[in-house]
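[1] Task: produce atomic coordinates for the following.
(chains A and B)
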Amino acid sequence: GENVEQHPSTLSVQEGDSAVIKCTYSDSASNYFPWYKQELGKGPQLIIDIRSNVGEKKDQRIAVTLNKTAKHFSLHITETQPEDSAVYFCAASIVLNNDMRFGAGTRLTVKP
Amino acid sequence: DVKVTQSSRYLVKRTGEKVFLECVQDMDHENMFWYRQDPGLGLRLIYFSYDVKMKEKGDIPEGYSVSREKKERFSLILESASTNQTSMYLCASTEGAGGYTFGSGTRLTVV
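    Next up is the predicted model:
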């Protein structure tokens, strides 16, 4: 089955700096890669996703890149703000298979 | 917005009790999931359901069962709670082709 590894487990940046979180996956059949943000006391919330037919996707300060050959994908947050502080999870799945696998999470802290 | 509602935010139960965790979604999603979240382990799938009365085991089903009598409701049952089931439990739903919508979670403590 699919195995997703996520690094780093913790990340601390200064406000305004960029943050990058990386994930690798094992199953070359995976074709859907979402990222979730979990704030304290809340459930994970989908913030951006990418499908395997696209190499990069951007939404304001957030971008995700996908390298299918190397089987890794990354989340990039630019101009970080204190409200970006949260735990971020990557995931990989085959669409419609109900088999989404999650990374272990990255705790991002943005220091004002 | 899709809403996934978990009935309890915090629960404290005694060892050996039968525990019910309830989850309701309001967007007519076919697929519903129960995950367990533990520090350093991420989210681990316990059970999922792709239709009423249908269920499939996830990665860690031991000690748990589920019930889906209605499309909008998916219940997780701990048959005889144990201390190693102390955890955050997350319910999610999806139409199938995209990301999941999660509830706010139930933090269960078994004493």
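
[2] C-alpha from now on. contacts and neighbour counts both.
    Fine.

[3] Give the buried residues for stretch B:10-20.
    B:13, B:19-20 (16 or more other CA atoms under 10 Å in any protein chain shown).

[4] show me where the chain has strands.
    No chain was given, so I picked chain A. A:4-7, A:10-14, A:19-25, A:32-38, A:45-51, A:56-59, A:62-67, A:72-77, A:86-92, A:101-102, A:106-111 (DSSP state E).

[5] The chain in question should be chain B.
    Under DSSP E, chain B gives strands at B:4-6, B:10-13, B:19-25, B:31-38, B:42-49, B:56-57, B:64-70, B:73-78, B:87-94, B:101-102, B:106-110.

[6] possible to save these as CSV with mean pLDDT?
    Formatted as CSV, the strands of chain B follow (pLDDT from 0 to 100):
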stretch, mean pLDDT
strand B:4-6, 95
strand B:10-13, 96
strand B:19-25, 97
strand B:31-38, 95
strand B:42-49, 93
strand B:56-57, 94
strand B:64-70, 96
strand B:73-78, 97
strand B:87-94, 96
strand B:101-102, 94
strand B:106-110, 97
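
[7] Throw the ones you listed into JSON lines and include distance to A:Glu15, thanks.
    As requested, the strands of chain B are arranged in JSON lines below (distance: least, CA to CA, whole Å):
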{"stretch": "strand B:4-6", "distance to A:Glu15": "32"}
{"stretch": "strand B:10-13", "distance to A:Glu15": "33"}
{"stretch": "strand B:19-25", "distance to A:Glu15": "37"}
{"stretch": "strand B:31-38", "distance to A:Glu15": "28"}
{"stretch": "strand B:42-49", "distance to A:Glu15": "26"}
{"stretch": "strand B:56-57", "distance to A:Glu15": "43"}
{"stretch": "strand B:64-70", "distance to A:Glu15": "43"}
{"stretch": "strand B:73-78", "distance to A:Glu15": "41"}
{"stretch": "strand B:87-94", "distance to A:Glu15": "30"}
{"stretch": "strand B:101-102", "distance to A:Glu15": "28"}
{"stretch": "strand B:106-110", "distance to A:Glu15": "31"}
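
[8] right, so of those strands, which gets closest to chain A?
    Checking these against chain A by CA to the nearest CA gives strand B:42-49 as the closest, at 3.8 Å.

[9] Adjacent strands (with direction) for the closest one?
    With DSSP bridges as the test, strand B:42-49 is paired with strand B:31-38 (antiparallel), strand B:56-57 (antiparallel).

[10] Just list the residues touching the closest residue to A:Thr78 other than its chain neighbours, thanks.
    Using CA to CA, 6 or more residues apart in numbering or on different chains and skipping residues adjacent in sequence, the residue nearest A:Thr78 is A:Ser18, 4.4 Å away. Going by CA atoms under 8 Å, 6 or more residues apart in numbering or on different chains, A:Ser18 touches A:76-80.
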